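> Curious how this folds, go ahead:
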Amino acid sequence: MTRMSDKPVVLLVGVSTRAMCQSAVNAGYEVISLDYFADYDQPPQIKSYSLSKDFHLPLSIPNLITAARGLLPLVQVVVPGAGLENIGDLLAGSPVELWGNEPEASSKVRNQRLLKEILPGTGLELPRTLHLGDEQPGEGRWLKKDLAHNGGVGVKDWHAGMAWRTGEIIQEFIPGQLCSAVFVADGRQARLLGLTRQYAGVKELGAKDYWWCGNAAPLIDMAIFQRLETAASVLTAACGLKGLNGIDFIVRDGIPYLLEVNPRWSGSVELFEKVGAYNAFDLHRWGCEGYLPSQQSIEVRPIYWAKGIVYARRKIEMGYQDDWPLGDYADIPYPGEVILKGSPICSVLSFDITLEQSWEGVLRKVRAMEQKLYLS
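Okay, here's the model as predicted:
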């Protein structure tokens, strides 16, 4: 590939990289991308590889890592995305630079016992959590979580007699408003980009219980914002987090309860790019190199954006989506691509003058899309 600038060639790798790629291209980087599908709307300036179409490998994180290692000689930097935070060192034995969290940092933020030690006093509470070997839960509603997954995958309602394995926890169910936060970290301290209203298990989007299916931003709540920024800085100092990271949490009676920390670029980052006057890829690089932006440089505009993830209700074969405007739809499959039941079809985007109206816009577009998709 011909170099476009003196910036390093970057490999962006994850389950889905489209939003990361667009941000990196906007920041002037030469990009090679590897994800599951290499969707139709990947930026035309990049070299995009699909694990299924180009490498002819089954869709799995280990296969994604294997394919990514074959692309390392072409790049100077690797940026991991969703799915790569729970894996060992992708760059073992390679001179390629990592813009992201080291495996040790990712492991620490998944360590529930460590979180229980460092979070008291931050204002971010922890649900009651049981580990393998503890007594089984008593009364009340509890969830079983597989710590090797994220985005709600691997979360199930707990019932007595259910198998309980290494790498799983049993956690108290907290009713309330599902939210998330995105922050940039430099290994020592953090700046919060903002909060979102997060959505999971929304039946209108075809999502199963607890599956992540979208966000709306920015959620304005200064009391919660201050608690999450304090927690983000404590997590950063204790775990050595760098670059862009996310926190999923539930708010009950004004108190945020931690669900999980995502030590990588999260799906809601692109919403903050739309409501903020900055480039997220630049922020990510600066955090990885030890520089934090000022709070004033990441303030948001008075507009609200939402994104929903649409899951297939049945197996479908995609046609030509000529009436899918790129501003409204993203992560678009190629014509002829077969989408299995329960797999994501695409993302739907909408903006409006309130948080709630932006999400309602997503639901309206999904209804119109599905009417054509399933009746065609």
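
> gap between residue 71 and residue 355?
39 Å (Cβ to Cβ, to the nearest Å). Just so you know, the C-beta spots here come from the backbone N, C-alpha and C atoms, and that holds for glycine as well.

> which residues sit in contact with the residue most central in space within the chain?
Closest to where the C-alpha atoms of the chain average out (Cα atoms, centre = their mean) is residue 266, at 2.6 Å. Shown in contact with residue 266 (Cβ atoms under 8 Å, 6 or more residues apart in numbering): 82, 180, 182, 244-246.

> Just put those residues in CSV and tack on neighbour count.
Conversion of the contacts of residue 266 to CSV gives the following (neighbours: other Cβ atoms under 10 Å):
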residue, neighbour count
82, 22
180, 25
182, 28
244, 30
245, 31
246, 25
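
> which one among these gets closest to residue 124?
residue 180 (12.6 Å; Cβ to Cβ).

> So which elements touch the helix or strand containing that closest one?
Using DSSP states H and E, residue 180 maps to strand 177-186. Applying 3 or more Cβ pairs under 8 Å, 6 or more residues apart in numbering; DSSP states H and E, one finds that strand 177-186 contacts strand 190-200, helix 222-239, strand 242-252, helix 280-288.

> Select, out of the ones you listed, the one closest to residue 110.
Nearest to residue 110, of the helices and strands packed on strand 177-186 and by Cβ to Cβ, is helix 222-239 at 9.6 Å.

> Buried residues, the closest one. List them.
Buried residues in helix 222-239, counting neighbours by 16 or more other Cβ atoms under 10 Å, are found at 224-225, 227-236, 238-239.

> Phi first, then psi, for residue 132.
Main-chain torsions, residue 132, degrees, to the nearest 10: phi -50, psi 130.

> now the protein, which segments are flagged as low pLDDT?
Within the chain, the ranges that satisfy pLDDT under 70 run 1-5, 86-88, 296-297, 375-376.

> By residue count, which helix of it is the longest?
helix 355-375 (DSSP state H).

> For residue 181, name its beta-bridge partners.
Assessed by DSSP bridges, residue 181 has beta-bridge partners residue 195, residue 247.

> and it, what does it touch?
Residue 181 neighbours (Cβ under 8 Å, 6+ apart): 192-196, 228, 232, 246-247, 249.

> now swap in residue 292 and tell me
Per Cβ under 8 Å, 6+ apart, neighbours of residue 292: 184-186, 189-191, 286.

> go on, residue 283?
Contact analysis of residue 283 by Cβ under 8 Å, 6+ apart lists 184, 193, 244, 293, 298.

> Dump the residues you listed to a markdown table, plus distance to residue 367.
As requested, the contacts of residue 283 are exported to a markdown table (distance: Cβ to Cβ, whole Å):
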| residue | distance to residue 367 |
| --- | --- |
| 184 | 36 |
| 193 | 31 |
| 244 | 32 |
| 293 | 39 |
| 298 | 34 |
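
> Can you tell me which of those is closest to residue 309?
Here the nearest of the contacts of residue 283 to residue 309, counting by Cβ to Cβ, is residue 244; it sits at 19.0 Å.

> The closest one and residue 284 touch, don't they?
Yes. If you go by Cβ atoms under 8 Å, residue 244 and residue 284 touch, sitting 4.6 Å apart.

> which residues do these two both contact?
Shared contacts of residue 244 and residue 284, counting by Cβ under 8 Å, 6+ apart, come down to 184, 265.

> Kindly calculate the angle that the strand holding residue 180 makes with strand 242-252.
Put simply, strand 177-186 runs at 160 degrees to strand 242-252, going by axes from the mean of the first three to the mean of the last three Cα atoms, to 10 degrees.

> Just want the angle from the longest helix of the chain to strand 190-200.
Going by the same axes, to 10 degrees, helix 355-375 makes 50 degrees with strand 190-200.

> by contact count, what packs against helix 355-375?
By 3+ Cβ pairs under 8 Å, 6+ apart, helix 355-375 packs against strand 190-200, strand 212-217, strand 304-311, strand 344-352.

> If we use 10 Å, what do you get?
strand 190-200, strand 212-217, strand 304-311, strand 329-330, strand 344-352 (3 or more Cβ pairs under 10 Å, 6 or more residues apart in numbering; DSSP states H and E).

> Residue 301: neighbouring residues, count only.
Residues near residue 301, counting by other Cβ atoms under 10 Å, number 11.

> residues touching the closest residue to residue 275 other than its chain neighbours, list them.
Leaving aside its sequence neighbours, residue 275 sits nearest to residue 300 (Cβ to Cβ, 6 or more residues apart in numbering; 4.5 Å). Each residue near residue 300 by Cβ atoms under 10 Å, 6 or more residues apart in numbering is listed here: 193-194, 217-218, 220, 271-272, 274-278.

> Residue 93 now?
Contacts of residue 93 (Cβ under 10 Å, 6+ apart): 69, 72.

> if we can go back for a sec, figure out which of the helices and strands packed on helix 355-375 is closest to residue 123.
strand 190-200 (12.7 Å).

> How far does stretch 220-240 sit from its chain's centre?
18 Å (Cα atoms, centre = their mean, to the nearest Å).

> Only alpha carbons, please: show that stretch as PDB.
The C-alpha trace of stretch 220-240 is given here as PDB (Å, rounded to 0.1, in the frame of the first residue of the first chain):
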ATOM      1  CA  ILE A 220     -27.100  14.800  30.900                       C
ATOM      2  CA  ASP A 221     -26.900  14.100  34.700                       C
ATOM      3  CA  MET A 222     -24.100  16.000  36.400                       C
ATOM      4  CA  ALA A 223     -24.300  14.100  39.700                       C
ATOM      5  CA  ILE A 224     -23.900  10.800  37.800                       C
ATOM      6  CA  PHE A 225     -21.200  12.300  35.500                       C
ATOM      7  CA  GLN A 226     -19.100  13.300  38.500                       C
ATOM      8  CA  ARG A 227     -19.300   9.900  40.100                       C
ATOM      9  CA  LEU A 228     -18.400   8.100  36.900                       C
ATOM     10  CA  GLU A 229     -15.500  10.400  36.100                       C
ATOM     11  CA  THR A 230     -14.100   9.800  39.700                       C
ATOM     12  CA  ALA A 231     -14.500   6.000  39.200                       C
ATOM     13  CA  ALA A 232     -12.900   6.200  35.700                       C
ATOM     14  CA  SER A 233      -9.800   7.900  37.200                       C
ATOM     15  CA  VAL A 234      -9.600   5.400  40.000                       C
ATOM     16  CA  LEU A 235      -9.900   2.500  37.600                       C
ATOM     17  CA  THR A 236      -7.300   4.000  35.300                       C
ATOM     18  CA  ALA A 237      -4.800   4.500  38.200                       C
ATOM     19  CA  ALA A 238      -5.300   1.100  39.600                       C
ATOM     20  CA  CYS A 239      -5.400  -0.900  36.300                       C
ATOM     21  CA  GLY A 240      -3.200   1.300  34.000                       C
END
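
> Cool, thanks, signing off.
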